[in-house]
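Peer 1: here is a sequence together with a model predicted from it:
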There are 2 protein chains.
Amino acid sequence: MIATLTSSIVDAVQQVVGHGAVPLHEPKFAGHEWQYLKECLDSTFVSSVGQFVDRFEHELAVYTGAKHAVAVVNGTAALHVALRLAGVQANDEVLIPALTFVATANAVAYCGAIPHLIDSEERTLGVNPLALRDYLQTITEISDGQCINRLTGRVIRVLLPMHTFGHPVELDELLAVARDFHLTLIEDAAESLGSMYHGRHTGTFGLMGTLSFNGNKTITTGGGGAILTNDSELARQAKHLTTTAKVPHRWEYVHDQIGYNYRMPNLNAALGCAQLEQLPEFLGAKRHLFEQYQAAFRDVSGVQIIQEPKDCQSNYWLQTLMLEASVAHQRDEILAATNKAGLMTRPAWKLMHHLKPYQDCPKMNLPVAEGLEQRLINLPSSSGLILRKKTSTNQEPL
Amino acid sequence: MIATLTSSIVDAVQQVVGHGAVPLHEPKFAGHEWQYLKECLDSTFVSSVGQFVDRFEHELAVYTGAKHAVAVVNGTAALHVALRLAGVQANDEVLIPALTFVATANAVAYCGAIPHLIDSEERTLGVNPLALRDYLQTITEISDGQCINRLTGRVIRVLLPMHTFGHPVELDELLAVARDFHLTLIEDAAESLGSMYHGRHTGTFGLMGTLSFNGNKTITTGGGGAILTNDSELARQAKHLTTTAKVPHRWEYVHDQIGYNYRMPNLNAALGCAQLEQLPEFLGAKRHLFEQYQAAFRDVSGVQIIQEPKDCQSNYWLQTLMLEASVAHQRDEILAATNKAGLMTRPAWKLMHHLKPYQDCPKMNLPVAEGLEQRLINLPSSSGLILRKKTSTNQEPL
């Protein structure tokens, strides 16, 4: 039988992850998860107040180098609150990548604002700063210190790039664009816990950054997210807004603005503390998995495994295969064959303007994003694929 | 020393709950909590998909008699989605009690709608149906099948009563008002899990009802809530909207509307399953606690312990002392003395129009709610106060 591209890809993936059913990404609980959950129960503090929430926030801040971390129910809530605190108002526009998970656009919509879609670059899979600069030069003017979209008359308030599959965007260039066009930079770092840009953690470059600890992320709290910031006043406001904007008082229930019930429960934070302790090990395994995929795909022509951008460290959250344009038409065949073989794979998300609720959003030309939508395939990426192997000589695999 | 009202109240509370620090409401984990959390970890399904979420929803439906229960991250999210599904749009008005927790009003605001504040009755502490009917007769007209507020020109879309501290509102009368004025009835049953109106569970009378499992509720999931409904299509839509409105597909990410990341994580549902098994025991203890408070306060004049309305069973979530109007001015002195003695007490919430974000909301005259704001004091209400006593002859108190 002649090897087709599809069969070669199935073979290469199985060479790395073995045969049988393999999920796209499953969490690993091999640390103090059980102990901390038990301590949490014993304390009776399972809800929005408790020592694990405080500890998780402190340890996240220490790990990322952000001055403050505020833990919330999920990454979407983190984005929503970050945008509110950045002053995003109804009818503003927010620049987001066309290639992202829908939560990025939803958080903008929750503010009554309008996502404005930006093209990607192949090197980082994220917002292309040069194309963005050219585009903004064409369509905007600065008036009273605000960036105005001349085509719509609306204020463009925030630039919200996303670190796709854990690969950092070109932050230096994007910060320069934000400065030159009077935009606030907020980083959607939902996928990039553990990813570094020029030696500094993603999510700490913009005014705020947001993390996600959903079940499919590098570490999980069941459901959860966090806001990172170096601004103490913003951190205070983030905590206030996410705890129903309740003003401290011995007994009175005074709420001074429309707040949210977005605080992370202590139970979920207990899981997070245990997971965070294992993050370095998870990151090592994910890097090792990348190397194995890279080796396995070295001789498969027409595809390549995506590598971290220069001067960056990716967390390699999701391992990603990029098809050359000439074989992009085989994407669905490859997805079908891998999934049929029990290897869970998936394409990148549909571009935001290909979704009904965002089909009429303003957008620049999106040639790269349109191409990537057809050319990216995520491969099984659990750190357990490596950690299990490493211990397979023991009697008790982890 | 002559006993003052305040010292008599401290004495009466201590007679029931003993001396030392007593919280307002703490959860009790004496069932299968640890076992289910461990099973959840071992399954690796801690996030928004998992057997405990399905089981918790099924068991909630069975317990309440609702056809469907959809589990979400908290009671606020449940209200938000229920209002969206009831068709509440920007600039609509929603009738809510002036006396409620701020989440009721916030959920209305999240829809871009305006809370319209209604007076309470002393008997149930909830919306007064007779006063509401008179008021609506004065200010509304029906046009094209919609209830129009003639004073503002806006559509009044939903009537959203809340079962205060677990005591059911007068549902028969409110359903009649809703029918006569073309309003959709949704029940904020955040506080009333286990409370019955005429033999049927609260939250199952309106088009939808919402529950909360916050840490201070009768049962807890850390953070959590649920939507109850007998309408299968609404249940399907609730699940769809709370899972980012993702359309099922083998691999594509299609979202057909602006959805939410509101699904309850499996980890929290595991806790919920264990808690729900103990609900009958918790309810028995809370009823017993009520009887003890009632006995302890029998001879304290000027105050009474609030009892469930006729033909209703309250869950007695929070035990509540009502001051007679003549001693209402002593409320803060009583709050200070009880809290100083380690007995955590609190007043009812500030009325919604006494909060800055809702100060300009439309409202009827609120004489009863204004009075109750000054006259209600919640007392320590944990079911553990009774369950601990009952087992105090054992060597190992629970």
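Peer 2: Received the coordinates, thanks.

Peer 1: now do the buried residues in stretch A:28-38.
Peer 2: If you call a residue buried by 16 or more other Cβ atoms under 10 Å in any protein chain shown, then stretch A:28-38 has these buried ones: A:Lys28, A:Phe29, A:Ala30, A:Gly31, A:His32, A:Glu33, A:Trp34, A:Tyr36, A:Leu37, A:Lys38. (Glycine included, C-beta is placed from N, CA and C.)

Peer 1: what does it contact?
Peer 2: For stretch A:28-38, contacts defined as Cβ atoms under 8 Å, 6 or more residues apart in numbering or on different chains pick out A:52, A:267, A:270-271, A:273-275, A:277-278, A:282, A:382-384, A:387, A:398, B:34, B:37-38, B:41, B:44.

Peer 1: alpha carbons of it, as PDB, please.
Peer 2: Extracted in PDB, the C-alpha atoms of stretch A:28-38 (Å, rounded to 0.1, in the frame of the first residue of the first chain):
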ATOM      1  CA  LYS A  28      -3.000  15.100  35.200                       C
ATOM      2  CA  PHE A  29      -3.600  14.900  39.000                       C
ATOM      3  CA  ALA A  30      -0.400  13.400  40.400                       C
ATOM      4  CA  GLY A  31       0.400  15.900  43.100                       C
ATOM      5  CA  HIS A  32      -1.400  17.300  46.200                       C
ATOM      6  CA  GLU A  33      -4.800  17.600  44.600                       C
ATOM      7  CA  TRP A  34      -6.500  15.200  46.900                       C
ATOM      8  CA  GLN A  35      -4.900  16.500  50.000                       C
ATOM      9  CA  TYR A  36      -5.700  20.100  49.300                       C
ATOM     10  CA  LEU A  37      -9.300  19.300  48.400                       C
ATOM     11  CA  LYS A  38      -9.600  17.500  51.700                       C
END
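
Peer 1: contacting residues around the helix or strand of chain A at the bottom of the mean pLDDT ranking?
Peer 2: Least confident helix or strand of chain A, by mean pLDDT, DSSP states H and E, is helix A:384-390 with a mean of 81. Residues outside helix A:384-390 that contact it (Cβ under 8 Å, 6+ apart) are A:16-17, A:22, A:26, A:28, A:30, A:281-282, A:285-286, A:288-289, A:292, A:397-398.

Peer 1: what comes up buried for that helix?
Peer 2: Residues A:Gly384, A:Leu385, A:Ile386, A:Leu387, A:Lys389 are the ones in helix A:384-390 that count as buried (16+ other Cβ under 10 Å).

Peer 1: show me the contacts for the closest residue to the third one other than its chain neighbours.
Peer 2: Counting by Cβ to Cβ, 6 or more residues apart in numbering or on different chains, the nearest residue to A:Ile386 once its immediate chain neighbours are dropped is A:Ala285, at 3.8 Å. With contact set as Cβ under 8 Å, 6+ apart, A:Ala285 has these partners: A:Ser383, A:Gly384, A:Leu385, A:Ile386, A:Leu387, A:Lys390.

Peer 1: run the last query once more with 10 Å
Peer 2: A:Lys28, A:Gln278, A:Tyr316, A:Ser382, A:Ser383, A:Gly384, A:Leu385, A:Ile386, A:Leu387, A:Arg388, A:Lys389, A:Lys390 (Cβ atoms under 10 Å, 6 or more residues apart in numbering or on different chains).

Peer 1: want to throw the residues you listed into TSV with distance to B:Val300?
Peer 2: Output for the contacts of A:Ala285, formatted as TSV (distance: Cβ to Cβ, whole Å):
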residue	distance to B:Val300
A:Lys28	58
A:Gln278	56
A:Tyr316	67
A:Ser382	63
A:Ser383	62
A:Gly384	62
A:Leu385	67
A:Ile386	68
A:Leu387	64
A:Arg388	66
A:Lys389	71
A:Lys390	69
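
Peer 1: contact partners for the residue of the stretch 51-200 of chain A found nearest chain B?
Peer 2: When scored by Cβ to the nearest Cβ, the stretch 51-200 of chain A has A:Thr76 as its residue closest to chain B, at 4.0 Å. Residues in contact with A:Thr76 (Cβ under 10 Å, 6+ apart) are A:101-104, A:106-107, A:110, A:190, A:210, A:212, A:214, A:223, A:225, A:262, B:244, B:259-262.

Peer 1: hang on, A:Arg154 packs against A:Pro362?
Peer 2: Yes. Between A:Arg154 and A:Pro362 there is a contact at 8.6 Å, judged by Cβ atoms under 10 Å.

Peer 1: need the overlap of contacts for the two.
Peer 2: Contacts common to A:Arg154 and A:Pro362, judged by Cβ under 10 Å, 6+ apart, are A:Glu93, A:Ile114, A:His116.

Peer 1: mind listing what's buried along the longest helix along chain A?
Peer 2: As assigned by DSSP state H, the longest helix anywhere in chain A is helix A:279-296. By neighbour count on 16+ other Cβ under 10 Å, the buried set for helix A:279-296 is A:279, A:281-283, A:285-290, A:292-293, A:296.

Peer 1: show residues contacting the helix or strand following that helix.
Peer 2: Remark: after helix A:279-296, the chain's next helix or strand is strand A:303-305, criterion DSSP states H and E. Residues from elsewhere that reach strand A:303-305, judged by Cβ under 10 Å, 6+ apart: A:5, A:8-9, A:12, A:290-298, A:316, A:319-324, A:327, A:330, A:334, A:375, A:377, A:379.
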